[in-house]
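Asker: Build me a structure from this.
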Amino acid sequence: SEWLPSYRSSGFFDKHVRVVETGQALQEEFPIAIPGIQAKWLSHQAVALADGIAVTTRDITERMRDELELKKNRSFLKLLIDYLPVGIYTKSIQDESYGRIILWNKGAELIMGLSADQVIGKTDREIHPQRTAEAIEEHDRNLVANPMPLYIPEQPFRRPDGKLRVLDVKSFPIFDEEGK
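Answerer: Numbering: from 1, shown residues only. All right, here's what the predicted structure looks like:
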């Protein structure tokens, strides 16, 4: 085939020799642009055998296109959430990470006086004074026990810099496709 000369110049031959010499399998994904081949991305695996090498190559163009589209969508949603003129944050209710903040937008930074770097991955007890943390945890327990939207008007909140804010708090549970 006319693309086989590129086998040596692209480094595949050397990689395959290494697989045979070391016995260590090779797994890689890479973009390609070879005239006459429709694939734009390939997954390549090489495994040493007793008498040579087994090589499999799969076209992963569609998967990579979907992953790129998903990444673009997530990026857009993050920008949208970050720049909404309200404070938005989410916490995990999974057993292994219960109560840990997983999202904190720029509105939350401005309102609460804490950056995302200061709160992501932390619990309320790691962020707030004990009384505040206990009140927030009670609110969260009520929300989990009765998963309905909850509205608390005019909730006072003292920022770390001492400024007092009066917040309208709207909390609601978000479930996955399985209702969890």
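Asker: any idea how far the nearest residue to Glu109 once chain neighbours are set aside lies from Ile101?
Answerer: Computed as C-beta to C-beta, 6 or more residues apart in numbering, the closest residue to Glu109 that is not its neighbour in sequence is Ser115, at 5.4 Å. Heads up, the C-betas are built off the backbone N, CA and C, glycines and all. Using C-beta to C-beta, to the nearest Å, Ser115 is found at 12 Å from Ile101.
Asker: In terms of packing, which of the two has more residues around it?
Answerer: Neighbour comparison, Ser115 and Ile101: the larger count goes to Ile101, with 22 against 12 (by other C-beta atoms under 10 Å).
Asker: Test my guess that that one contacts Gln118.
Answerer: No. With contact defined as C-beta atoms under 8 Å, Ile101 does not count as touching Gln118 (9.7 Å).
Asker: Can you check which residues contact both of those two?
Answerer: Ile127 (C-beta atoms under 8 Å, 6 or more residues apart in numbering).
Asker: Mean confidence (pLDDT) on stretch 82-96, please.
Answerer: The average pLDDT within stretch 82-96 is 89.
Asker: ditto for stretch 109-116
Answerer: For stretch 109-116, mean pLDDT rounds to 93.
Asker: what residues are up against Met148?
Answerer: If you count contacts by C-beta under 8 Å, 6+ apart, Met148 has them with Phe172, Pro173.
Asker: From Thr56, how far off is it?
Answerer: Distance of Met148 to Thr56, given as C-beta to C-beta: 52 Å.
Asker: And the helix or strand hosting Lys15, what's buried?
Answerer: Per DSSP states H and E: Lys15 is located in helix 12-22. Residues of helix 12-22 classed as buried: Phe12, His16, Val19 (neighbour count, 16 or more other C-beta atoms under 10 Å).
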